[in-house]
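Q: pasting the sequence and the predicted coordinates here, then a few questions.
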Number of protein chains: 2
Amino acid sequence: GFLQLMQQLTVVGDVSRGMFDAKMQQLEKLGDYHRIVVIEDVKSGRVVATGSIFIEHKFARSCGKVGHLEDVVVDERMRGCHLGQRVIEALTSFAEDAGCYKVILDCKPENAAFYEKCGYSKKEIQMAKYF
Amino acid sequence: GFLQLMQQLTVVGDVSRGMFDAKMQQLEKLGDYHRIVVIEDVKSGRVVATGSIFIEHKFARSCGKVGHLEDVVVDERMRGCHLGQRVIEALTSFAEDAGCYKVILDCKPENAAFYEKCGYSKKEIQMAKYF
């Protein structure tokens, strides 16, 4: 159910079982640099919320570490139950425990208020180049 | 000269030779997931521009990859010589060759015009939480 949920966030495209397993193995090699959390509705067995974080190693800030929050999505049928907040809290704590001096994320302007409730503040602007 | 240059961008803090070497080893383990470029002024031996990129592995976009551009800085005595553009071009090409479907970065609003010259467009907003 993870990829079905991701489709509510972005274009997932074709991902075969083999591709999924290969990607999992790649991510497992990253170990403590990467974490995905999911919230499962145990009654239905559906994945209803997810988010991921990876840890960047910098030279700045005394060789500091930065958490990058990515791909946060809550099932549209389950919004308003604070599941998103739970995901953010879990990933933010993971980054803090890993010794990060900050966590950053990019979001649509209309989602800024949600992240502010989670203790985040507006900072810079995101630029992107697509190939 | 790399850390001296980084100080023009952000707080570097105390970084001993040992810390620097340990961090380099960590980054080298990441192999193709991470790249730092520097431009050196061969006359003075000074590092006059730098930037880094790391590759994030996603499930979205058919298990796609995203390049994250970080820590771009040009020596203040060398600005206006298109060194920043060279750094961006090199790192963007690295990400494209690595199979990324996009490269993203966060910057101050006043630097957006520079990145637009490099082919980037404004996208979302950045949120941050400091510990």
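A: Right, received. Where do you want to start?

Q: how close does residue A:93 sit to chain B?
A: As defined by C-beta to the nearest C-beta, to the nearest Å, residue A:93 lies at a distance of 10 Å from chain B. The way it works is simple: take the backbone N, C-alpha and C, and place the C-beta from them, glycine included.

Q: helix or strand for that residue, which one?
A: Here residue A:93 sits within helix A:83-97, counting by DSSP states H and E.

Q: would the helix or strand just after that helix count as contacting chain B?
A: Beyond helix A:83-97 on the C-terminal side, the first helix or strand identified by DSSP H and E is strand A:100-107. Yes: taking C-beta under 8 Å from any C-beta of the partner chain as the criterion, strand A:100-107 and chain B are in contact, through A:100, A:101, A:102, A:103, A:104, A:105, A:106, A:107.

Q: and the fourth one, what does it touch?
A: With contact taken as C-beta atoms under 8 Å, 6 or more residues apart in numbering or on different chains, residue A:103 is in contact with A:53, A:66, A:67, A:68, A:69, A:91, A:92, A:95, A:96, A:120, B:128, B:129.

Q: and those, which are buried?
A: Buried subset of the contacts of residue A:103 (neighbour count, 16 or more other C-beta atoms under 10 Å in any protein chain shown): A:53, A:66, A:67, A:68, A:69, A:91, A:92, A:95, A:120, B:128, B:129.

Q: distance of residue A:129 from residue B:96?
A: Using C-beta to C-beta, to the nearest Å, we find residue A:129 at a distance of 9 Å from residue B:96.

Q: likewise for residue A:95?
A: Note on residue A:95: its distance to residue B:96, by C-beta to C-beta, is 29 Å.

Q: can you check residue A:11 too?
A: 19 Å.

Q: for the residues of strand A:100-107 next to chain B, which single residue is the most surrounded?
A: For the residues of strand A:100-107 next to chain B, counting by other C-beta atoms under 10 Å in any protein chain shown, the largest number of neighbours falls to residue A:105: 28 neighbours.

Q: any stretches of chain A with poor pLDDT?
A: Using pLDDT under 70 as the threshold, the predicted model of chain A has low-confidence ranges A:30-31.

Q: tell me the strands beside the biggest strand by length in chain A, with direction?
A: The residue-count maximum for a strand in chain A (DSSP state E) belongs to strand A:46-57. If you go by DSSP bridges, strand A:46-57 pairs up with strand A:34-41 (antiparallel), strand A:65-74 (antiparallel).

Q: would you put the C-alpha positions of the longest one in CSV?
A: Looking back up the chat, that one is strand A:65-74. As requested, the backbone C-alpha atoms of strand A:65-74 are provided in CSV (Å, rounded to 0.1, in the frame of the first residue of the first chain):
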residue,chain,number,x,y,z
LYS,A,65,24.7,17.1,9.8
VAL,A,66,21.4,18.2,8.3
GLY,A,67,18.2,16.2,8.0
HIS,A,68,16.3,16.5,4.8
LEU,A,69,12.6,15.7,5.2
GLU,A,70,11.0,14.3,2.0
ASP,A,71,7.8,12.7,0.6
VAL,A,72,5.4,13.3,3.5
VAL,A,73,1.9,12.2,2.6
VAL,A,74,-1.3,11.3,4.4
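
Q: so what touches it?
A: Under the contact criterion C-beta under 8 Å, 6+ apart, strand A:65-74 has outside partners A:5-6, A:8-10, A:48-58, A:83-84, A:87-88, A:91-92, A:94-95, A:98-105, B:56, B:58-60, B:68.

Q: quick check: angle from that strand to strand B:100-107?
A: Regarding strand A:65-74 and strand B:100-107, their directions subtend 120 degrees when assessed with axes from the mean of the first three to the mean of the last three C-alpha atoms, to 10 degrees.

Q: next: the shortest one.
A: Here strand A:34-41 runs at an angle of 100 degrees relative to strand B:100-107 (the same axes, to 10 degrees).

Q: can you give me the buried ones in strand A:34-41?
A: Using 16+ other C-beta under 10 Å as the test for burial, strand A:34-41 gives A:34, A:35, A:36, A:37, A:39.

Q: do the same with stretch A:64-83
A: Of the residues in stretch A:64-83, those buried by neighbour count under the rule 16+ other C-beta under 10 Å are A:64-75, A:78, A:83.

Q: brilliant, that's me finished.
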